[in-house]
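Engineer: pasting the sequence and the predicted coordinates here, then a few questions.
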Amino acid sequence: MTHLAVDPPVACASPAALRALIESRRAVRRFTDEKVPDAVIRDCLEMAVLAPNSCNLQPWSFQVIRDPALLKQLHLVCMSQNAALAPLIIAVLARPDTWKQACQNIVTYWPEPQVPQRISRFYAKTAPFQYNQGPLGLLGLFKRQLVRLLALRKPLMRTPNSKAQMRLWAVKSTALAAENLMLAFQSHGYATCPMEGFDEVRLRKVLDIPRQALPIMLLAVGRQGEKGIYNPRLRFPLEQHVTWL
Ligand SMILES: Cc1cc2nc3c(=O)[nH]c(=O)nc-3n(C[C@H](O)[C@H](O)[C@H](O)COP(=O)(O)O)c2cc1C
């Protein structure tokens, strides 16, 4: 995976090619038994983590489940829904708890010999202040009051200043990675179905998910099976969702 910036940005896919890829992705609920090669999974995960993410703290993790016995358990955890019979399931986890390590990682993995001072300063001071909510979220409570006062004078970013806001913070970036992941599989000819239809308590037990991690969706992946798509595509008219100012 390259870490180098492309400057100036290049349009590597034509709008038509990107549209075709996006349009071809559907939620597929029936898969064949064909396994997804590890090399494909890896390639797709590499594309997933190229998603934009808040402060580049990459607050996500992924569990790749290929083991047939585990997959069988997951099918039950997913209330026996068809999509969960896929030969591969990826648990997409938002990680509001990894920001501290991530601040160190930025310096460790900086892709140039010298970490610019503004970068090391930001991840040593600003980011920890922004994301640390303290024990029981008490520091967050203090920050909320402080921001309320300071924002009387100038515009300020007011979140995340609580444990709940940290969860939302992590979910936003992770959802973008999940979409990248789906499109990446699509580009390799594999279908996907994102699933939130699962029993979270049982899921946590089966996959031994860290307490603070949030399973935002399980991604079923495989070759599309017969009658894998249940319904024609349906989206509401754009005008219902868009305001032009
Ligand atoms: C967060 C999320 C959770 C979903 N959960 C399920 C699920 O548990 N089971 C399922 O069959 N489809 C699930 N879907 C798929 C949606 O039903 C599907 O994306 C939607 O109907 C639009 O269809 P399309 O993706 O084919 O355009 C989920 C989608 C998202 C984004």
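Structural biologist: Done, it's in. Numbering: from 1, shown residues only.
Engineer: which regions of this structure lie under the pLDDT threshold?
Structural biologist: For the chain, the stretches with pLDDT under 70 are 1-12.
Engineer: find the closest residue to the ligand in it.
Structural biologist: For the chain and the ligand, the shortest gap (C-beta to the nearest ligand atom) falls at residue 197, measuring 2.8 Å. Backbone N, C-alpha and C define where each C-beta goes, glycine included.
Engineer: ranges for the strands of the chain?
Structural biologist: 60-65, 88-94, 191-195, 214-222 (DSSP state E).
Engineer: nearest spatial neighbour of residue 35, skipping sequence neighbours?
Structural biologist: Spatial nearest neighbour of residue 35, chain neighbours left out: residue 87 (5.3 Å); criterion: C-beta to C-beta, 6 or more residues apart in numbering.
Engineer: re earlier: could the strands of the chain be laid out in CSV, adding mean neighbour count and distance to residue 117?
Structural biologist: Output for the strands of the chain, formatted as CSV (neighbours: other C-beta atoms under 10 Å; distance: least, C-beta to C-beta, whole Å):
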stretch, mean neighbour count, distance to residue 117
strand 60-65, 19, 28
strand 88-94, 24, 31
strand 191-195, 24, 41
strand 214-222, 23, 34
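Engineer: report the longest helix in this structure, please.
Structural biologist: In the chain, assigned by DSSP state H, the helix with the most residues is helix 163-187.
Engineer: ok now it, how far from the chain's centre?
Structural biologist: Mean-position distance between helix 163-187 and its chain equals 2 Å (C-alpha atoms, centre = their mean, to the nearest Å).
Engineer: centroid-wise, who is the farthest residue in this structure?
Structural biologist: For the chain, the largest distance from the centre (C-alpha atoms, centre = their mean) belongs to residue 153, which lies 35.2 Å off.
Engineer: enumerate the residues of the chain near the ligand.
Structural biologist: With C-beta under 6 Å from any ligand atom as the criterion, the chain meets the ligand at residues 26-27, 29, 81, 83, 193-197, 217, 233.
Engineer: how does it look with 5 Å?
Structural biologist: Contact residues, the chain versus the ligand (C-beta under 5 Å from any ligand atom): 26-27, 83, 194-197, 217.
Engineer: can you give me the helices for the protein?
Structural biologist: Under DSSP H, the chain gives helices at 15-24, 38-48, 68-77, 99-108, 117-121, 127-131, 138-150, 163-187, 200-207.
Engineer: just those: most buried one?
Structural biologist: Of the helices of the chain, the one with the most neighbours on average (mean count of other C-beta atoms under 10 Å) is helix 163-187, at a mean of 20.
Engineer: packing partners of it?
Structural biologist: In terms of contacts (3 or more C-beta pairs under 8 Å, 6 or more residues apart in numbering; DSSP states H and E), helix 163-187 is packed against helix 15-24, helix 38-48, strand 60-65, strand 88-94, strand 191-195, strand 214-222.
Engineer: now do the end-to-end distance for stretch 46-62.
Structural biologist: Terminal residues of stretch 46-62 lie 11 Å apart, using C-alpha to C-alpha, to the nearest Å.
Engineer: again with stretch 140-158
Structural biologist: Stretch 140-158 end-to-end distance (C-alpha to C-alpha) = 11 Å.
Engineer: next: stretch 81-97.
Structural biologist: 31 Å.
Engineer: distance from the chain centre to that stretch, please.
Structural biologist: 11 Å.
Engineer: from residue 130, how far out is the residue farthest from the centre of the chain?
Structural biologist: 19 Å (C-beta to C-beta, to the nearest Å).
Engineer: now do residue 47
Structural biologist: Taking C-beta to C-beta, one finds residue 47 at 28 Å from residue 130.
Engineer: touching stretch 152-169 from outside, list them.
Structural biologist: When contacts are defined by C-beta atoms under 8 Å, 6 or more residues apart in numbering, stretch 152-169 is touched by residues 54, 59, 94, 96, 130-131, 133, 137, 140-141, 143-144, 147-148, 150-151, 214.
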